[in-house]
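[1] Only the shape, not the letters, is given here:
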């Protein structure tokens, strides 16, 4: 009887911990072919690591009713700034802003109307395939 109660308690603890960690670390993303998606993710991550790519925000300043965000892409880029597009969005979701990018002397600038709070700046670069660089920014 004691052995049965111990096994029952151990089973509930195992089940409870599985639910806890599953809910905590599941990002909500479900894909049709997870192996293919994971392989593509690994390939893109390898390109980012091999080229030492990183996104650096140089300056954020308010100009009238918009914010001027200056950033640069560091790393080994063979051709000048193969930017496919830039997106700015809130981490919790909502609308995605795709501003026009101005490039001058390896510094990129975008002008966007933003409210106060956290945003994610995502730059999509066309290398061997399209890779993403992200940086969090805070508008005061």
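    Cool, got the structure. What you see is a predicted model; the values in this text were computed from it and never measured.
[2] Quick check: next helix or strand after the helix or strand of the chain with the lowest mean pLDDT?
    When the helices and strands of the chain are scored by mean pLDDT, DSSP states H and E, strand 102-104 comes last with a mean of 87. Next along the chain after strand 102-104, taking DSSP states H and E as the criterion, comes strand 107-112.
[3] pLDDT score assigned to residue 92?
    The model reports residue 92 with a pLDDT of 80.
[4] what do you get for residue 95?
    The model's pLDDT for residue 95 equals 86.
[5] Enumerate every residue touching the nearest residue to it once chain neighbours are set aside.
    Of all residues not flanking residue 95 in the chain, residue 89 sits nearest, at 7.0 Å (Cβ to Cβ, 6 or more residues apart in numbering). For the C-beta atoms, the positions are set from N, CA and C on the backbone; glycine is no exception. Counting by Cβ atoms under 8 Å, 6 or more residues apart in numbering, residue 89 touches 95, 96, 97, 119, 120, 122.
[6] Could you give the bridge partners of residue 89?
    residue 96, residue 120 (DSSP bridges).
[7] And it, how far from residue 66?
    16 Å (Cβ to Cβ, to the nearest Å).
[8] Residue 100 - that's part of a strand, no?
    No. Using DSSP: H, G, I helix; E, B strand; the rest coil, the assignment for residue 100 is coil, not a strand.
[9] which residues touch residue 98?
    Here residue 98 is in contact with 85, 86, 87 (Cβ under 8 Å, 6+ apart).
[10] Repeat that for residue 115.
    So residue 115 contacts residue 139 (Cβ under 8 Å, 6+ apart).
[11] where does it land on pLDDT?
    For residue 115, the predicted pLDDT is 89.
[12] Can you read off the backbone torsions of it?
    When read as degrees, to the nearest 10, the backbone of residue 115 gives phi -90, psi 180.
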